[in-house]
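Novice: Here is the input, now give the coordinates:
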Amino acid sequence: MRKAAWISSVALGVVLVIGGVVTWAVVTSTLSAQRITVSGDADCMAGTAVDNPISAYCQAKVIDKHTAAITGGQTYAELAQDDPLRETAMTSSFLQASLFTSVLAFGMSAVAVAMGLIFVLIGLGMRDVTKHSPQHAEPAHVAV
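Specialist: Sure, this is the predicted structure:
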């Protein structure tokens with residue numbers, strides 16, 4: 001029973017680490033393939049490729065800044081239905097949502113890796129305890 005517990009913990013940890021690393025790599029590859037560069041007037045990471053969570057966040061924020069300048073600070077919902085700027089605001093919202101989704105994916109993959117490492121460490125700790133404890137400990141005799 002003890003052996004199954006520590007092996008299961010280590011196996012789950014390894015799966016989480018691999019899943020997290022693969023997810024991070026896929027999101028990085030997908031963002032890189034889009035060949036997006038953070039706008040030169042961004043508050044952070046200007047001119048860098050969007051291929052990590054920070055650059056994706058910075059690009060989303062600069063898109064919001066540009067949209068606010070174009071629409072006079074109004075959001076998609078605040079613009080009149082026949083306002084031609086409404087389509088710009090909508091496209092901006094979609095782009096920002098996509099970039100924020102990638103930021104979330106990076107974050108969740110980092111959480112998966114961290115949890116995987118924790119499970120591996122717990123499993124290894126359980127293995128160590130199992131190796132150093134007697135299989136069938138005799139009950140302690142207490143004098144009365």
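
Novice: what packs against the longest helix along the chain?
Specialist: What stands out as the longest helix in the chain, according to DSSP state H, is helix 85-132. Secondary-structure packing of helix 85-132 (3 or more C-beta pairs under 8 Å, 6 or more residues apart in numbering; DSSP states H and E): helix 2-33, helix 53-71. In short, each C-beta sits where N, CA and C put it, glycine included.

Novice: residues in contact with residue 43?
Specialist: Shown in contact with residue 43 (C-beta atoms under 8 Å, 6 or more residues apart in numbering): 58, 61-62.

Novice: Kindly apply the preceding question to residue 102 instead.
Specialist: 27, 30-31, 53, 56.

Novice: residues in contact with the residue nearest the centre of the chain?
Specialist: Centroid-nearest residue in the chain: residue 107, 1.8 Å away (criterion: C-alpha atoms, centre = their mean). Residues counted as contacts of residue 107 (C-beta under 8 Å, 6+ apart) are residue 53.

Novice: Same check on residue 106?
Specialist: Listed by C-beta under 8 Å, 6+ apart, the contact set of residue 106 reads 24, 27, 52-53, 56.

Novice: switch the cut-off to 7 Å
Specialist: By C-beta atoms under 7 Å, 6 or more residues apart in numbering, residue 106 lies in contact with 24, 27, 53.

Novice: Now the first one: closest residue in space that isn't a chain neighbour?
Specialist: Yep, that's residue 24 we're talking about. For residue 24, ignoring the flanking residues on the chain, the nearest one in space by C-beta to C-beta, 6 or more residues apart in numbering is residue 109 at 4.3 Å.

Novice: Would you check how far apart that neighbour and residue 120 are?
Specialist: 17 Å (C-beta to C-beta, to the nearest Å).

Novice: what about the two, which has more around it?
Specialist: Comparing residue 109 with residue 120 by neighbour count (other C-beta atoms under 10 Å), the higher total belongs to residue 109, at 22 against 18.

Novice: ok, back up a step: would you confirm that the residue nearest to residue 24 contacts residue 18?
Specialist: No: using C-beta atoms under 7 Å, residue 109 is not in contact with residue 18; the gap is 10.8 Å.
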